[in-house]
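[1] Kindly generate the corresponding structure for this input.
(3 chains)
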Amino acid sequence: MENGASSTKQESFLSRMALNDNKAGMEGLDRDKINNIIMETSKGSRFYENELKKEQQVNQRIEKMLLQKAQITEQQLKTAQVQVDRMASSLEKSRDLSRLIVHVDMDAFYAAVEMRDCPELKDKPMAVGSMSMLSTSNYHARKYGVRAAMPGFIAKKLCPNLVIVPVNFDKYRAVSNEIREIFADYDPHFQPLSLDEAYLDFTDHVEQRQHWPESSRTHQYCSGRLATDEGQIETSQEAVTEEQDLSPVLFEDSLSSSPSLPGSRDVCDAGAKCEVFGTSVEEAVREMRFRIEQKTMLTASAGIAPNMMLAKVCSDKNKPNGQYRLPSTREAVTDFIQTLPVRKVSGIGKVSEKMLNALDITNCSHLGQQMALLSLLFSETSWHHFMGISLGLGSTHIPRHEERKSMSIERTFKEMNKTEEQMSLCRELCEELAADLKKEDLKGKTVTLKLKKVNFEVKTKAQTLPCAVATEEEIFAVAKDLLKTEIENESPQPLRLRLMGVRISAFVGSDDKKQMQKSIIGFLQLSKTDCSGNSPGVHQNPEKEHHSLQTRPVVTQMCQTPKEAPWRSQQRQLKQSQAAEGPQQSFFQRAHAKRLQLQVERVKAEEGGSGEDASTSTSTSISAEESLPSPVKENHPACSASDQSDDFFVSPVEASTSGCGGMKSETLTCPVCFRRVETTDLNIFNRHIDYCLSEGSRKPNQILDVDLESDQTESEFTDNLTEELVTEAEKPKTNKGSDRVFVEENHLQKVLLIKGDSETATSQQPRSCDGEGPVLICPVCQRTQTTEDLTVFNRHVDLCLNQEALHEMRGQILSSKNPPTASNSKIKGRDLVLRKTSKGKSKRRDSPSSPPSKKAKNIQPCNTIDRFFR
DNA sequence: ATACATACC
DNA sequence: TACTGGTATGTAT
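    Below is the predicted model of the structure:
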């Protein structure tokens, strides 16, 4: 243990710079020789110096950790062990071996594409990239230690004959699309990780496959490709596994996808060679890889395992052009894990590995043995992560493509130290970023400037605006200020840059799709709303969005004690705001004056609440405005108003992600049907919810049908609403005398919105300790409700919401100028329906690929342990 | 919310 | 001569 520390000191400079031979095709290299060359080439460079510095920081972290370790008592360790054991057995119970998860990964993808298209490269060591940086290398080059993420000039030192081919992303993207078409045949919901990699859930496919005739499992050699591509077919021999002789000419007329007679193993119609695949997963995966190869002349490797974490490791096992299946038994899994080096696990990188190594942990069995110690030395998320790994657990459910969280652009260049140049580059970056944002119709509130100085030191400066921005001018207004600050910081020295980047994040929804999704998932998650009002059809009435956010139940799973619910700090901020400033009614429509007043105060609370920040934030947004063209400026007031109002309402989401301790619950309550599900297994629970939701989707939903199809009469619509209300009213739900804004239903917490009047809110804050109940104020009609019964109050709010929804709907239907669209009026309706339905009448009308996982995903993060399994 | 670090491809 | 670019997330303040 002690030499862990000293050895890290000795070899400190090695671990960052040294060859990373963790990659397939790099076994048994002469590491020392390679590392010598790397060091010789790098030494003295600014890059190297910076790496040394970072290395020292890591070493300090490790020292600190070891110091901490030295202070741990036997008793502490024992206690920790008990908890760790308890958690382990709990996790063990939830182990799900029923899924067949596959991770597919193309072999040396970019390099393979280039080799395919340029046969002369085949037997040469080659890499894709530039003298500055390589993206990937072929297996030949790997023998020299040449690998991805290595600068080309160093690679050339290692392998003087190396051929470096520039990247051609368009080509890789095209190939990627081809393989994704094949992926979709096995799992339409597959999750791409990059152009060349994906997770697939083969469970359903394999089940179906059992009943497939042999003809459906028969595939021809060299189909597909001929029709599409130019004359490069003759170079495919390398790729083919069993049959060596491909004569493409033969197949030109037999491209039909209907494979021939069952039973004919090798020869199908027209003499085309065929292969019949079996019904097992292995065979199915082999078939998929076969098809990829036939279609693209490129090979893929795959891993098959009961969860994602393991599948990923497995795909590396028989790379290239191979596959590995880890059987779905507990024993196989635990055996597999025992000898697995921690570094092989996705998520454990250079630094984590080094820290673990310092504790004498190199493979996953050590991880398990030292878990008590790890639980004392690492953050909760980290050691939970480790715990999952040590047990061989991982996500058994492939999460849907998540919405992007940020978008950025950055560029490296020769030293740049002139302010004007930096400014104009900054503007350029903003321009490009704005163009990219436009493509996806996104707007974000946080702008981050990234700077890398010539000594490789990286700085980031961020600023969050009260409302979302998207145009070049808006972004630049912020980025410019950040840059200016940095330049001033550095003066009188010039700011010497080698890289500049601009990122935008904290997106708010703006397009219809998003709105639709949000309204569905809004049931489970509070999300930020677009405040810009730039898409008139969507944001005619800012109120709409609020409604969808108002009575949002939250699902907290297996969380015994949330630390501090976020609503509490929000309440505090509200309090501050009320103490601080008066209303600014001039911004807002009269009809909603009161409500909006509160919103403005909230904005103020955020700006004024934290002293220093307030002034910077304000000044920047003002200077942003100064440089903005008038249409943009006009957006601002409306913007901050409707935007901040979202935050005004209780936001339960983070409450569910933080501080989830124990796992004692035996049942979970479904947020759709409100019935208890007898399981602690999140996957089972998620499937239940999926089922509930899709049950609902089969039954047409009234409100949505009106919204989206506009083919229902108003009275029908009203009737349906009433029906919904009755359903809800009949539901007995007693939760009396709660002094909180959320009502616990088992471990699911349903959040109620409670809002105070501006003058009285201070005394109306929900309290947790004193005996007084809160005063309930309807967020819709703004009237104080006399009841303390949350069920009654809930019903009142629902009624108000429905009335408003109806009112708006009516107006829109009658005026028929702006018939209600999916993106606006339906939002609250749907939320209401979701919230109220007792048997999952919610309608799911997006393609089957979006909603269920969204929902599932939103539930899962409630548990910190579970975060790992997603 | 901000800054910085780690990780992945 | 020359050590990326894009995204997500964790950690610390």
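
[2] confidence score at residue A:822?
    Looking at residue A:822, its pLDDT reads 28.

[3] try residue A:21
    81.

[4] burial count for it?
    17 (other Cβ atoms under 10 Å). All C-beta spots, glycine's among them, are computed from the backbone N, C-alpha and C.

[5] Now do the same contact list for the closest residue to it other than its chain neighbours.
    Distances taken as Cβ to Cβ, 6 or more residues apart in numbering put residue A:29 closest to residue A:21, at 6.0 Å, once the chain neighbours are dropped. For residue A:29, the contacting residues are A:19, A:21, A:143, A:145, by Cβ atoms under 8 Å, 6 or more residues apart in numbering.

[6] List just the nearest of those to residue A:222.
    residue A:143 (30.1 Å; Cβ to Cβ).

[7] Report the separation between the closest one and DNA strand B.
    Distance, residue A:143 to DNA strand B, using Cβ to the nearest atom of the strand, to the nearest Å: 20 Å.

[8] do the same with residue A:307
    16 Å.

[9] surely that residue meets residue A:389?
    No: with contact defined as Cβ atoms under 8 Å, residue A:307 does not count as touching residue A:389 (10.9 Å).

[10] if we can go back for a sec, where does the residue nearest to residue A:21 sit relative to residue A:144, distance-wise?
    8 Å (Cβ to Cβ, to the nearest Å).

[11] Most neighbours among the contacts of residue A:29, which one?
    residue A:145 (25 neighbours).

[12] That one - that's part of a helix, no?
    No: counting by DSSP: H, G, I helix; E, B strand; the rest coil, residue A:145 falls outside a helix, being coil.

[13] how about residue A:502, secondary structure?
    Applying three-state DSSP: residue A:502 is strand.

[14] I meant residue A:25, not that one.
    coil.

[15] so how far is residue A:139 from it?
    Residue A:25 is 4 Å from residue A:139, by Cβ to Cβ.

[16] Mutual contacts of those two, please.
    A:108, A:320.

[17] Please name the residues that touch residue A:341.
    Residue A:341 touches A:362, A:363, A:364, counting by Cβ under 8 Å, 6+ apart.

[18] If we use 10 Å, what do you get?
    For residue A:341, the contacting residues are A:22, A:313, A:348, A:353, A:362, A:363, A:364, A:366, by Cβ atoms under 10 Å, 6 or more residues apart in numbering.

[19] separation between residue A:410 and DNA strand B?
    Taking Cβ to the nearest atom of the strand, one finds residue A:410 at 11 Å from DNA strand B.

[20] Get me the contact residues on the stretch 451-600 of chain A for DNA strand B.
    A:458, A:459, A:460, A:461, A:462, A:463, A:464, A:506 (Cβ under 7 Å from any atom of the strand).

[21] Which element, helix or strand, includes the second one?
    To tie it back to what came earlier, the one meant is residue A:459. strand A:458-469 (DSSP states H and E).

[22] just the contacts of residue A:341 that are near DNA strand B?
    A:348, A:353.

[23] What subset of the contacts of residue A:341 is buried?
    A:313, A:348, A:353, A:363, A:364, A:366 (16 or more other Cβ atoms under 10 Å).

[24] Of the residues of the stretch 451-600 of chain A next to DNA strand B, just the buried ones, ChimeraX syntax please.
    Of those, the buried ones go into a single ChimeraX selection, burial set by 16+ other Cβ under 10 Å:
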select /A:461,463,464,506
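
[25] ok, which pair from the residues of the stretch 451-600 of chain A next to DNA strand B is furthest apart?
    Checking these with Cβ to Cβ, the most distant pair is A:458 and A:506, at 20.9 Å.

[26] Start and end of stretch A:98-113, how far apart?
    In stretch A:98-113, first residue to last residue: 36 Å (Cα to Cα, to the nearest Å).

[27] do that stretch and DNA strand B meet at all?
    No: judged by Cβ under 7 Å from any atom of the strand, stretch A:98-113 and DNA strand B are separated, with a smallest distance of 7.5 Å.

[28] list the buried ones in stretch A:40-57?
    A:41, A:42, A:48, A:50, A:51, A:55.

[29] Which of those residues fall within helices?
    A:41, A:42, A:48, A:50, A:51, A:55 (DSSP state H).

[30] from those residues, which single one is nearest DNA strand B?
    residue A:55 (9.1 Å; Cβ to the nearest atom of the strand).

[31] Starting from residue A:501, give me the distance back to residue A:486.
    13 Å.

[32] That should have said residue A:183, apologies.
    The value you get for residue A:183 to residue A:501, if Cβ to Cβ is used, is 32 Å.

[33] repeat for residue A:329
    47 Å.

[34] These two: which is more packed in?
    residue A:501 (20 against 11).

[35] tell me the SS of the nearest residue to the more buried one once chain neighbours are set aside?
    Of all residues not flanking residue A:501 in the chain, residue A:410 sits nearest, at 2.8 Å (Cβ to Cβ, 6+ apart). Classification of residue A:410 using three-state DSSP returns strand.

[36] Who are the contact partners of residue A:410?
    With Cβ under 10 Å, 6+ apart, residue A:410 has these contacts: A:429, A:433, A:450, A:451, A:452, A:499, A:500, A:501, A:502, A:503.

[37] Show me what the helix or strand where the second one lies packs onto, helices and strands only.
    In other words, residue A:433. Using DSSP H and E, residue A:433 sits within helix A:419-440. When contacts are defined as 3 or more Cβ pairs under 10 Å, 6 or more residues apart in numbering; DSSP states H and E, helix A:419-440 sits against strand A:406-416, strand A:443-453, strand A:458-469, helix A:472-490, strand A:497-508.

[38] any idea of the angle that helix forms with strand A:458-469?
    50 degrees (axes from the mean of the first three to the mean of the last three Cα atoms, to 10 degrees).
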